[in-house]
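A.B. asks: Dropping the sequence and predicted coords here.
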Amino acid sequence: MTSEKHSERTSGLLQLRPRQIEILDQLETYFFAHGYRSATMEVLAQNLKCSKRALYELAPNRKELFTLIVDRWAKRIRWLGAEAEARHSDPRRRLAAYLQPGVSESRGVTRTFLIDLRDLPQARATLEQHQRERMTHLKGILDEGAKQGVFKDVHAHLVAGICLAGIEKINEPTFLAQAGLSFSQAFAELYRLLMTGLEGK
């Protein structure tokens, strides 16, 4: 079983059949590329080569499907980050490992996806909660690193809050377009800035 599949079974999406997991994978790819507003349930079924009934078994409408995918994506990032972090004891390696899935699991995200995400209240709330959870965990790593003398003597709560503010800016499609960066590229830059500041290099 891959990490992604194991994550699926520990993320609240329990009792899923293999075909349903496959459909969710395909939905994620579709929504990352096209968002949800341009598609009906019929169009989604045609693109995924599945029945509309198979989609309705997962969610009652396209908005709920989209929110489900956002939630699944966010939980996978947190699960993979925690799994990777657990392999290390050094705070620098823990931090880098924990942050990396935010980049690697977001490479397919497009401007269209972000626009739809920001405009759908339940999906945006899901992402914001995810980011708050990530920053709370980040604060714990920073506190531990500061205690060990690995990181500069920083105010962990402030740094985590500033990082969260940066993430909120990255969520803005217009800002990303002006910067000429993709969603995952912007996250990589933010994390690089964080690591450089903490280590004083």
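C.D. replies: Structure's in. What do you need? Numbering: from 1, shown residues only.
A.B. asks: how about low-confidence regions in this protein?
C.D. replies: 1-14, 199-201 (pLDDT under 70).
A.B. asks: helix, strand or coil for the residue in it sticking out farthest from the centre?
C.D. replies: Largest separation from the mean C-alpha position in the chain: Gly149, at 29.7 Å (Cα atoms, centre = their mean). Secondary structure state of Gly149, per DSSP: H, G, I helix; E, B strand; the rest coil, is coil.
A.B. asks: which residues does it contact?
C.D. replies: Residues near Gly149 by Cβ atoms under 8 Å, 6 or more residues apart in numbering: none. No exception for glycine: its C-beta is placed from N, CA and C like everyone else's.
A.B. asks: Which phi and psi values does it adopt?
C.D. replies: Listed backbone geometry of Gly149 is phi 80, psi 10, with angles given as degrees, to the nearest 10.
A.B. asks: That one and Arg19: what is the separation?
C.D. replies: Relative to Arg19, Gly149 is positioned 51 Å away (criterion: Cβ to Cβ, to the nearest Å).
A.B. asks: same deal with Gln100?
C.D. replies: Relative to Arg19, and taking Cβ to Cβ, Gln100 is found at 30 Å.
A.B. asks: Would you mind telling me which of these two has the busier surroundings?
C.D. replies: The neighbour count for Gln100 versus Arg19, taken as other Cβ atoms under 10 Å, is higher for Gln100 (18 against 10).
A.B. asks: so which helix or strand takes in the closest residue to the more buried one other than its chain neighbours?
C.D. replies: Spatial nearest neighbour of Gln100, excluding adjacent residues (Cβ to Cβ, 6 or more residues apart in numbering): Ala84 at 6.5 Å. Secondary structure from DSSP states H and E places Ala84 in helix 62-85.
A.B. asks: which other residues reach the helix or strand that that helix is followed by?
C.D. replies: Sequence order places helix 91-104 as the next helix or strand after helix 62-85, per DSSP H and E. With contacts defined as Cβ under 8 Å, 6+ apart, helix 91-104 is touched by 76-77, 80-82, 84-85, 87-88, 134, 137-138, 141-142, 144-145, 148, 150-151, 184, 187-188, 191, 194-195, 198-199.
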